[in-house]
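J.: From the sequence below, what's the structure:
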Amino acid sequence: MNMLQAARQLGTTWVYGRLYDDPFNQLLLRAGRMDPYPLHARLRADGPVTRSRSGDWVVTGHELANGVLRDRRFGVRNTPYDPGAASELGYASGAEHHFSILEIDPPDHGRLRKLAAPAFSPRMMAEYRLEIERLTAQLLDATPGRFDLMTTIAGPLPIAVITRLLGIPDADAARFQRYGRVVGSSLDGVRSPRHARRLARATRDIEELFAGMARASAPDDRHLVGRLAADLRAGRLTPRELLSLSRILLIAGFETTVNLIGNGVLALLRNPEQWRALRDDPELAGAAVEEILRYDSPVQATLRFAREDVELGGRRIARGDSVYILLGAANRDPSVYSDPTASTSGAPRRRATWRSAAARTTASAPRCPVWRARSCSARWRSGCPTCGRPARRAAAR
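T.: From the prediction side, this is the model:
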């Protein structure tokens, strides 16, 4: 998407959202990104699947959302996939609009995922756990009595972990954090011509750094970029795929985790009895994280295209039609969750709809009735942890 296309898209969204009062397009405007749940309720009132004024199909029902994410009659692309066999190992114009495995269907999706999988094996994660605990303790020990959570912990911790996993030198970590913020913001869509220019510059710089790392990697490099460089030399992926996969792993390991940390800590600050329960029984941490992911997911939507004519929820979806699955709405479906805004102590939850059918289970545990709280987007720089302004959300490809 070039700058002119970005401006046109933003203008179209504004017209449908503001002038035609279309709730789906309002989700793409600032107010909708800040608090999407009232708009989800308006869409849900029209049924589990509805059509926006702009012609996009919108799924809000939990059962239908899970079904679409698992249905091979839907795909993430509406154009043939070009792996870039003749590409060079370096930035190419327009690369900022390619999101690697987030927008690739099988079998290429499975091929690339298999190449990245060894870096995320249980054995490797067990090794990284000690490193993550060490980094967390180091960051906490360096904090003053009062500190900004987002800039002191929530931002530096995920970027420190993912840069080590990718094999990025410590000297380049700060630059990658800046680039990651800009590139991660593109998951919301390009918001202006200025945003498009910043995104292109950040993508160029980050891919040139990855390209340099790949060229300098040793055959026995255990870090992810080094492993992918070995796969490139063996012909298992292309230069374009190496760079886009490395970039999307950086974003996925940074942007969503930062917002998740902010959301969870803000909820605990607003509900101190839940913080005390978690402090007294740290085993509840896993259940708390799962509940935050269900209630206020950092990833609010994902897009699919119909590969053939499909009947969905009594509606006919034509081949090629776009279908937006609103994960945040599906995970608050009142037909599945008796009280989607809170839960009673010990009440088990149904599986949450999270990304591409990789459902997470919410275990039973005492839960805070204000998990809806969101971290303040302004707290990238400064701000009060109880100001109540919501975090930016990413609309996954």
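
J.: starting at the chain centroid, how far to the longest strand seen in the chain?
T.: The residue-count maximum for a strand in the chain (DSSP state E) belongs to strand 299-306. A distance of 12 Å separates the centroid of the chain from that of strand 299-306, by CA atoms, centre = their mean, to the nearest Å.

J.: ok, that strand: who's next to it in the sheet?
T.: Here strand 299-306 is paired, per DSSP bridges, with strand 74-75 (antiparallel), strand 322-326 (antiparallel), strand 394-395 (parallel).

J.: export those to JSON lines and tack on distance to Arg51, mean pLDDT and mean neighbour count?
T.: For every residue, glycine as well, the C-beta is placed using N, CA and C. Shown next, in JSON lines, are the strands paired with strand 299-306 (distance: least, CB to CB, whole Å; pLDDT from 0 to 100; neighbours: other CB atoms under 10 Å):
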{"stretch": "strand 74-75", "distance to Arg51": "16", "mean pLDDT": "96", "mean neighbour count": "20"}
{"stretch": "strand 322-326", "distance to Arg51": "10", "mean pLDDT": "96", "mean neighbour count": "22"}
{"stretch": "strand 394-395", "distance to Arg51": "18", "mean pLDDT": "38", "mean neighbour count": "21"}
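
J.: To His62, which of those lies closest?
T.: strand 322-326 (10.4 Å; CB to CB).

J.: Can you name the element that comes right after that closest one?
T.: Next helix or strand after strand 322-326 toward the C-terminus (DSSP states H and E): helix 327-330.

J.: Just name whatever secondary elements that next one is in contact with.
T.: Where contact means 3 or more CB pairs under 8 Å, 6 or more residues apart in numbering; DSSP states H and E, helix 327-330 is packed against helix 37-44, helix 62-70, strand 299-306.

J.: mind listing what's buried in the second one?
T.: When burial is assessed from 16 or more other CB atoms under 10 Å, helix 62-70 yields the following buried residues: His62, Leu64, Ala65, Asn66, Gly67, Val68, Leu69.

J.: and which of the residues you listed is nearest Gln300?
T.: Nearest to Gln300 among those, with distances taken as CB to CB, is Ala65, at 12.0 Å.

J.: what sits against the closest one?
T.: Under the criterion of CB atoms under 8 Å, 6 or more residues apart in numbering, the neighbours of Ala65 are Val59, Ile325, Leu326, Leu327, Ala330, Thr353.

J.: returning to what we had before: can you add mean pLDDT and distance to Asp280 and give the helices and strands packed on helix 327-330 back as TSV?
T.: Supplementary listing: the helices and strands packed on helix 327-330 in TSV, determined by pLDDT from 0 to 100; distance: least, CB to CB, whole Å:
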stretch	mean pLDDT	distance to Asp280
helix 37-44	95	31
helix 62-70	95	33
strand 299-306	92	31
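
J.: Tabulate those (TSV), appending distance to Leu243.
T.: Below are the helices and strands packed on helix 327-330 laid out as TSV (distance: least, CB to CB, whole Å):
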stretch	distance to Leu243
helix 37-44	35
helix 62-70	27
strand 299-306	23
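
J.: Of these, which is nearest Gln177?
T.: strand 299-306 (20.1 Å).

J.: what is the mean pLDDT for the helix or strand following that closest one?
T.: Using DSSP H and E, the helix or strand that follows strand 299-306 in sequence is strand 310-312. Per-residue pLDDT over strand 310-312 has a mean of 96.

J.: Buried ones in the following helix or strand past strand 310-312, by neighbour count?
T.: Counting by DSSP H and E, the next helix or strand C-terminal to strand 310-312 is strand 315-317. If you call a residue buried by 16+ other CB under 10 Å, then strand 315-317 has these buried ones: Ile317.

J.: which stretch among the helices and strands packed on helix 327-330 comes nearest Arg175?
T.: Closest among those, using CB to CB: strand 299-306, at 25.2 Å.

J.: sorry, back to before: helix 37-44 and the longest strand of the chain, what's the angle between them?
T.: 30 degrees (axes from the mean of the first three to the mean of the last three CA atoms, to 10 degrees).

J.: Low-confidence ranges, the stretch 201-350 of the chain, go.
T.: Along the stretch 201-350 of the chain, segments meeting pLDDT under 70 span 341-350.

J.: Tell me where it has helices.
T.: 224-233, 239-252, 255-270, 272-280, 285-295, 327-330 (DSSP state H, counting those that start in this stretch).

J.: and those helices, which is most packed in?
T.: helix 327-330 (a mean of 26; mean count of other CB atoms under 10 Å).

J.: Pull the CA coordinates from it and hand them back as CSV.
T.: Coordinates of the C-alpha atoms in helix 327-330 are reproduced here as CSV (Å, rounded to 0.1, in the frame of the first residue of the first chain):
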residue,chain,number,x,y,z
LEU,A,327,-11.6,-11.9,18.5
GLY,A,328,-12.3,-9.4,21.2
ALA,A,329,-16.1,-9.7,20.6
ALA,A,330,-16.0,-13.5,20.3
